[in-house]
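Visitor: what's the 3D shape of this:
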Amino acid sequence: MVAPEEVDDNTWLHFYRSTRRKLGFLTIGANLIGALIVTSYFTFFDAALADEQIKGTFIVLGVLFIGLVILASIVINLRQKDLWRYIRLKSAGRIIDSALHRRAQRVVLDLPFISAMMSLFNWLVAGVTMSLYTALRLTSGNKFSAILFDASRTFIGVIVGGIVVCAIIFFSVEIVCRRIWPHFFPEGGMVNSPCTFRLKLPVRMLVIFTLASLLPIVLMAVLSYNKARLIAELSLGSSELIAAMNPEEIIQSLLYSTAFLLATALGVAMILSRLFAAAIVRPVSRLENAMARLGKGDLTAAVPVENNDELGTLSENFNRMTVGLKERYELRRSLDLAREVQQNLLPVDNPEVKGLDIAGKSIYCDETGGDYFDFLENMDPDSNKFTVVIGDVSEHGIPSALLMATARAFIRQRSAMTGSIARVVSDVNRQLTRDVDGTGRFMTLFYLRIDVNRQLLHWVRAGHDPAILYDPVSDRFEELNGEGIALGVIQNWHYLEYEKAGLTAGQIVMLSTDGLWEAQNPQGDMFGKEAIYEIIRRNSAAGAQELLDTLIDAVTRFHKGRQRTDDITLVIVKVYESLNLGFRFLNARIAANPRRGWGYATE
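Guide: Modelled structure (predicted):
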């Protein structure tokens, strides 16, 4: 919401009084000009009155105008009682009841409508009074039909003029009120205020079209009919009054009346067009400029809500949109920061371990995810043991990322202490269960320790899919199964450690989350484990990183552009063809860069 012009509590009364004076002068001036135009038309262009009759007409109009102004002022003041009370309390800096605030809002929103309706009522009274005055003035020597015709013509003329004046008053007062409306709605919501009058844009356009174009045509038709009737009555000699006139005077009167009517209609059209432009073009231009600023990245772009119609709704929705975009931008920045933090929690480089070739990677379907993998260094370098951990938090997104970071901290802290890997996982589960209790979240985990020197695999399976061991010599795939539920479900669950001996050169161990084989193409088909086995079989001679890239590329092609719905994490561990050759190769790399990696030089 765009803040309105600053008006402190001490100047509220002065501010509103000055605005109210403007509205009063505007209303009185518009009615006075309209009355003078209508009176001038009937007095000078449409009838031949004597001087005393003209004088009497102006006396009647003057008294009537003053009386109606006083009546309108009394009614409007009574109608604005709640508004004045609100203004006084606001000026005094006192607490305002919410009900009074809402009533004041409704009153101030209805000011244009109330001003126009009071003016229309005054014109209605004036039309009745002028019709009676015309009838009384023509009673002597005229037929009743002629008197009725002239009285009706006077009433219609006054009402038509009053409608035009009321339309001008409505649009003019509305323009002035736009300066004060935002002060009554500092938090927005003007367009949703109940029980208030709203002139929709289609109705505005219809009113402008009718008054600026259609109404003058109707009045021209009525005027032509009136003069034609006079000529017809003159030719028939049916009226003594008309017999006293000649055709040239009637035609001249018709020309004067037509010129007067066209000039008045042109002036009304210009005024209404100007008011319509002020009500439509200005808000649209503000919206256009704000949208241009927004398109350039200015998320502070906003427009003041000064209309109680569709344009006001559009402005308010635009302001909400910019606020939403700003919030989304801040959220996106937070997500980018969270992704950067989470990516830093994962291994940046592949470790260098004697006798092993290792590669790992995580691909998140959102900015952040719940997949996790890690490489843990053994505290005893002489044992040449290496640990790979892979996990999958339920669901994905920010909550899963937070749980993943918590689990990573627990795992790293506990793995640095002594104890079997079963004890490590059991202790981590105990701590994690306390954190996720009642949330329904959990984390599957596969904890693998490789003893290179003794050629042993030790693992704990906590509800995660088993790792895959492939032996290219026998062309056999084996799952490293085991019992164990996910972390965070049962606090005192005791996990079991499993072991496999006979690790030989060329064997491949693959650890993965289910996002790899459950990846789907546009037809809904899953990638499947068989496709993974076939890729490993065909690329068993490749290095770990090359094999990992081949698997990721295959899954990406299988997606065929479909949005991923789950994170993918993959770790490949390959035993060197020759352990001694691997040791010499790693010793050379470590000697070149002693600070990098996890390997240890040997003689």
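
Visitor: can we go C-alpha only for contacts and neighbour counts from here?
Guide: OK.

Visitor: which residue ranges form the helices in the stretch 251-400 of the chain?
Guide: 310-345, 398-415 (DSSP state H, counting those that start in this stretch).

Visitor: please name every helix or strand in contact with the first one.
Guide: Okay, so that is helix 310-345. helix 247-295, helix 398-415 (3 or more CA pairs under 8 Å, 6 or more residues apart in numbering; DSSP states H and E).

Visitor: do the last one as well
Guide: Where contact means 3+ CA pairs under 8 Å, 6+ apart, helix 398-415 is packed against helix 310-345, strand 371-377, strand 385-393, helix 421-436.

Visitor: how does it look with 10 Å?
Guide: When contacts are defined as 3 or more CA pairs under 10 Å, 6 or more residues apart in numbering; DSSP states H and E, helix 398-415 sits against helix 310-345, strand 371-377, strand 385-393, helix 421-436, strand 443-451.

Visitor: which parts of it are buried?
Guide: Buried residues in helix 398-415, defined by neighbour count with 16 or more other CA atoms under 10 Å: 398, 400-405, 407-408, 410-412, 414-415.

Visitor: what of the first one?
Guide: Within helix 310-345, the residues scored as buried using 16+ other CA under 10 Å are 311-316, 318-319, 322-323, 335, 338-339, 342, 345.

Visitor: stretch 78-87 too?
Guide: Buried positions in stretch 78-87, judged by neighbour count with 16+ other CA under 10 Å: Gln80, Asp82, Leu83, Trp84, Tyr86, Ile87.

Visitor: just put these in TSV and tack on pLDDT, distance to Ala501 and secondary structure.
Guide: Listed next are the buried residues of stretch 78-87 as TSV, based on pLDDT from 0 to 100; distance: CA to CA, whole Å; DSSP: H, G, I helix; E, B strand; the rest coil:
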residue	pLDDT	distance to Ala501	secondary structure
Gln80	75	93	coil
Asp82	78	90	helix
Leu83	77	89	helix
Trp84	74	92	helix
Tyr86	78	87	helix
Ile87	76	89	helix
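
Visitor: now, which of the residues you listed sits nearest Met443?
Guide: Tyr86 (59.6 Å; CA to CA).

Visitor: returning to that earlier point: just put the helices of the stretch 251-400 of the chain in TSV and tack on mean pLDDT and distance to Ile421.
Guide: As requested, those are exported to TSV (pLDDT from 0 to 100; distance: least, CA to CA, whole Å):
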stretch	mean pLDDT	distance to Ile421
helix 310-345	79	21
helix 398-415	88	8
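
Visitor: who wins for proximity to Arg103 among these?
Guide: Distance to Arg103, taken as CA to CA, is lowest for helix 310-345 among those, at 20.0 Å.

Visitor: the closest one: how far from the chain's middle?
Guide: 10 Å (CA atoms, centre = their mean, to the nearest Å).

Visitor: got the angle between it and strand 371-377?
Guide: 20 degrees (axes from the mean of the first three to the mean of the last three CA atoms, to 10 degrees).

Visitor: of the helices and strands packed on helix 310-345, flag the one that's most buried.
Guide: helix 398-415 (a mean of 19; mean count of other CA atoms under 10 Å).

Visitor: which ones are touching Trp459?
Guide: In this structure, Trp459 makes contact with 387-389, 421-422, 446-450, 466-467, 480-482, 496-500, judged by CA atoms under 10 Å, 6 or more residues apart in numbering.

Visitor: Ile490: which element?
Guide: Element membership for Ile490, per DSSP states H and E: none, as it lies in no helix or strand.

Visitor: let me see the confidence value for it.
Guide: pLDDT recorded at Ile490 is 93.
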